[in-house]
Every structure is written in C-alpha cells, then in structure tokens.
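J.: turn this into a model:
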Amino acid sequence: MTRAVCPGSFDPVTNGHLDIFRRASALFDELIVATGTNVSKSRLFDPEDRLTMLREACAELPNVTVMGFEGLIVDFCRDVGAQAIIKGLRGGNDYEYELPMAQMNAHLTGVETVFVPTTASLGYVSSSLVKEVAMLGGDVSAFVPTAVLDRLNAKLAEGS
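T.: Okay, the predicted model is just below:
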C-alpha cells in the first residue's frame, strides 16, 4: 500500500488545498493530511480548530485521514509508514522554497517529495491572502469551504 503525507499549517484550509488533496488522493492508496501543532507559532486558528476544519473539508475523500504532528515531517512520515510527502506548488517561488526542504528530507530519511502543481484557477489562493482579504472585509467565499468560511467569519468577529 502506498501512503503519502501532505503537510501544512492549513490556517485555514482553502479550496486550493482541497484541490491538491483530491488530486493526491487519486495517486496514492492513502493520503494523510497532517497539520503542524507547534503551539509556539502564531496562527489564527488553534491546532484543534484546524484539525476539525480539515476533517470536515476532507470528509468526502474516503482514503484521506487528517492528523496533527509535532517536530520534523520526516519523523512523522517514518512513524506512519509514508513513502512520500506531497507539496502543492502555486508557482516558481513555491518551488524555490520547497526544493531545498525536499532535498533535505530525502537525505535524512529517503522519503521522496512529490510536487503537485495547483490548478491554474486556484494558483493565487493562499491561507495568508484569504485571511488578509477577510480581515479587511472582503468576500472570500469562493476560496474556502462553507464551514471554513463560517468559522473564519466567527473568529474575525471575536477579534473585532
């Protein structure tokens, strides 16, 4: 059985992420979507909220499991028996950022990284941009699942 891990902060999960999850889940027998739970990093959503949103967003994908992790992604991959790490690429800047990490991960454990380009219509969508637009009152409903939009709006209303 082939197993891959798609790691990220997913703060929040976007339709761009879901596009990568759907496509990667068709390439592997099992896909684990793994969100880092490093509490020292500042995030809009806490780890449990991110896990809940990911589970809701991935519910329609039968071979996708959502888990949290701490530490190095390669250690997590070893623990769950994953052969590959999935990384979505929006463009050249993502590739430049991800390539050295992929090479280091392969050097450390032999776990390969598979780059999946985003669908062109979602190539500009990022969690950071979604949060920024939402914080400034813009409509981000086209970029996130409905359940995520509801949580995002509620979280931003709390901060007002």
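J.: quick check: buried residues in stretch 145-155?
T.: Using 16 or more other Cβ atoms under 10 Å as the burial criterion, the residues of stretch 145-155 that qualify are 145, 148-149, 151-152, 155. Every residue, glycine included, has its C-beta placed from N, CA and C.
J.: how about JSON lines for these, with secondary structure added?
T.: Shown next, in JSON lines, are those (DSSP: H, G, I helix; E, B strand; the rest coil):
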{"residue": "145", "secondary structure": "coil"}
{"residue": "148", "secondary structure": "helix"}
{"residue": "149", "secondary structure": "helix"}
{"residue": "151", "secondary structure": "helix"}
{"residue": "152", "secondary structure": "helix"}
{"residue": "155", "secondary structure": "helix"}
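J.: so which of those sits lowest on pLDDT?
T.: Across those, the member with the lowest pLDDT is residue 155, scoring 92.
J.: got the CA positions of stretch 11-18 in CSV?
T.: Extracted C-alpha coordinates of stretch 11-18, given in CSV (Å, rounded to 0.1, in the frame of the first residue of the first chain):
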residue,chain,number,x,y,z
ASP,A,11,-4.6,28.2,8.7
PRO,A,12,-7.3,28.0,7.3
VAL,A,13,-7.7,25.2,4.7
THR,A,14,-8.6,26.6,1.3
ASN,A,15,-10.1,25.3,-1.9
GLY,A,16,-6.5,25.3,-3.3
HIS,A,17,-5.5,22.9,-0.5
LEU,A,18,-8.6,20.7,-1.3
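J.: I would like the residues contacting it, please.
T.: When contacts are defined by Cβ atoms under 8 Å, 6 or more residues apart in numbering, stretch 11-18 is touched by residues 8, 10, 43-45, 50, 53-54, 57-58, 88, 90, 118-119, 122-123, 125-127, 130-131, 142-145, 148, 151-152.
J.: wait, which of the buried residues of stretch 145-155 is closest to residue 136?
T.: Residue 136 has its nearest neighbour among these in residue 152, at 12.8 Å by Cβ to Cβ.
J.: the closest one and residue 138 touch, don't they?
T.: No - in terms of Cβ atoms under 8 Å, residue 152 does not count as a neighbour of residue 138; the distance is 11.5 Å.
J.: how far off centre is the longest helix along the chain?
T.: Across the chain, the longest stretch assigned as helix under DSSP state H is helix 92-109. Averaged C-alpha coordinates place helix 92-109 at 16 Å from its chain's average position (Cα atoms, centre = their mean, to the nearest Å).
J.: just stretch 81-98 next, same as before
T.: A distance of 11 Å separates the C-alpha centroid of stretch 81-98 from that of its chain, computed with Cα atoms, centre = their mean.
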